[in-house]
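Q: need the 3D shape of this:
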Amino acid sequence: MIVFSMLPSRVIRRLGVIGFLLCFVALGLLPFFGTDFGKGAVRWYGLGFASVQPSEFLKPGFIVTVAWLISANGQINGPPGRLWSFIITMLVVALLIIQPDFGQACLILFGWGIIYFVAGASFILLAALALMVLAAGSMAYSYSEHFAKRIDGFLSPDIDPRTQLGYATNAIQEGGFFGVGVGEGQVKWSLPDAHTDFIISVAAEEYGLFLVVLIILLFTWIVLASLIRLLKERDAFNRLAGSGLVAMFGIQAIINVGVAVRLLPAKGMTLPFVSYGGSSIIAMGITIGMLLALTRVRPQKDIGDIFNGR
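A: This next block holds a predicted model:
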């Protein structure tokens, strides 16, 4: 994160595009060389000493690439960036659905939509895209048993205490305002993925609502401070890429917390910098490093200083 935060925006753009291309190829090869680690979805490469999830590293590169294409669209003799960004987005979404990973696919669509919106897309176009997403979700519900099961579980008024949502809900209730004490929580011993997808439930049980609210306020401050800074940004690429990166950071946190408190259907999404996971933490560090580089205040020289070589 620190290294990326010190790079100029043009280097961020180049590294982002190169990283996206490499991760896109890695994502395409997952069905042939990837592994599911017994979870039913082929999302990782097993390296023996560690595992790598290409989709995590693809996200910051994807945002930078799409921002570059759309910002270049308005330049004289520039590429048809809006069209190419749409094609790239659909290809990435298709590869993610094959895994299947509907959550990451939705996150990619959301990131592209935010960039397109900031670039000045019409409301009618965005509404049409939203209808397309709803239609795709309806098809996924009809043809994917895995997807349908999660939606049905979310819509059901009853919570099975033996399911992930049941354990998570019970942990939050047990924690109260100040929690049961550090290390005293019991849900982490029975809740699958307690250290990743449901880490906020563990925090709520052991530290209480007090810590959960602090975490939410911290994420909110990061997102709002970044957006306020981006409102003053004059460079189109920096503004679009920064908006996409901070939006993806924020929506990932919202999804993780929303699932734990049953506001959203169950989805394997880590809480940035809180959940355990090497790929997620490193990729999120790259994301925030890029965001810091794009939002860093750059001193402006006076025209006299430029001519005088200062």
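Q: mean confidence score for the strand or helix carrying Val92?
A: Element membership of Val92 [criterion: DSSP states H and E] is helix 81-98. Across helix 81-98, the average pLDDT comes to 90.
Q: what helices or strands is it leaning on?
A: Helix 81-98 is packed against helix 9-33, helix 54-73, helix 102-118, with contacts defined by 3 or more CB pairs under 8 Å, 6 or more residues apart in numbering; DSSP states H and E. Using the backbone N, CA and C atoms, a C-beta is placed for each residue, glycine as well.
Q: turn the ones you listed into TSV, columns for mean pLDDT and distance to Met132.
A: Converted to TSV, the helices and strands packed on helix 81-98 look like this (pLDDT from 0 to 100; distance: least, CB to CB, whole Å):
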stretch	mean pLDDT	distance to Met132
helix 9-33	93	22
helix 54-73	93	17
helix 102-118	89	9
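Q: to Ala127, which of these lies closest?
A: Ala127 lies closest to helix 102-118 among the helices and strands packed on helix 81-98, at 11.0 Å (CB to CB).
Q: go through whichever helix or strand comes after that closest one and flag the buried ones.
A: For helix 102-118, the succeeding helix or strand toward the C-terminus, using DSSP H and E, is helix 123-143. Neighbour counts over helix 123-143 (16 or more other CB atoms under 10 Å) mark 129, 136, 140 as buried.
Q: coming back round to it: for the helix holding Val92, give me every contacting residue.
A: Contact with helix 81-98 is made by 24, 27-28, 30-31, 55, 58, 62, 65-66, 68-73, 102, 104-105, 108-109, 112, 115-116, 119, 140, as judged by CB atoms under 8 Å, 6 or more residues apart in numbering.
Q: let's see it at 7 Å
A: Outside of helix 81-98, the residues within contact range by CB atoms under 7 Å, 6 or more residues apart in numbering are 24, 27-28, 31, 55, 62, 65-66, 69-70, 72-73, 104-105, 108-109, 112.
Q: please identify the deepest-packed of the helices and strands packed on helix 81-98.
A: helix 54-73 (a mean of 25; mean count of other CB atoms under 10 Å).
Q: ok and that helix relative to helix 81-98, angle-wise?
A: Between helix 54-73 and helix 81-98, the angle comes out at 170 degrees (axes from the mean of the first three to the mean of the last three CA atoms, to 10 degrees).
Q: quick one, helix 54-73 and helix 102-118 angle?
A: 20 degrees.
Q: helix 54-73 packs against which elements?
A: Contact analysis of helix 54-73 by 3 or more CB pairs under 7 Å, 6 or more residues apart in numbering; DSSP states H and E lists helix 9-33, helix 81-98, helix 102-118, helix 236-260, helix 278-295 as its packing neighbours.
Q: of those helices, which is nearest Arg150?
A: helix 102-118 (8.6 Å).
Q: which secondary structure elements does the closest one contact?
A: With 3+ CB pairs under 7 Å, 6+ apart as the test, helix 102-118 has helix 54-73, helix 81-98, helix 123-143, helix 236-260 packed against it.
Q: so can I have a markdown table of those helices showing distance to Val187?
A: Output for these, formatted as a markdown table (distance: least, CB to CB, whole Å):
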| stretch | distance to Val187 |
| --- | --- |
| helix 54-73 | 25 |
| helix 81-98 | 30 |
| helix 123-143 | 29 |
| helix 236-260 | 11 |
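Q: would you mind saying which of these lies nearest Val180?
A: When the helices and strands packed on helix 102-118 are compared by CB to CB, helix 236-260 sits nearest Val180, at 16.8 Å.
Q: just the buried positions in that closest one, please.
A: 236-260.
Q: and it, how far out from the chain middle?
A: Remark: helix 236-260 is offset 6 Å from the chain centroid, using CA atoms, centre = their mean, to the nearest Å.
Q: that helix vs helix 102-118, what angle?
A: Using the same axes, to 10 degrees, helix 236-260 lies at 140 degrees relative to helix 102-118.
Q: can you give me the mean pLDDT across helix 236-260?
A: For helix 236-260, the mean per-residue pLDDT is 92.
Q: so which other helices or strands are in contact with it?
A: Helix 236-260 sits against helix 9-33, helix 54-73, helix 102-118, helix 199-207, helix 209-231, helix 278-295, with contacts defined as 3+ CB pairs under 7 Å, 6+ apart.
Q: okay, now the unreliable bits of the stretch 201-310 of the chain?
A: Residues of the stretch 201-310 of the chain meeting the criterion pLDDT under 70: 297-310.
Q: give me that answer again for 90
A: Residue ranges of the stretch 201-310 of the chain with pLDDT under 90: 201-206, 208-209, 232-234, 256, 258-280, 295-310.
Q: picking that back up, the helices and strands packed on helix 54-73: which one's closest to Asn170?
A: Closest among the helices and strands packed on helix 54-73, using CB to CB: helix 236-260, at 11.5 Å.
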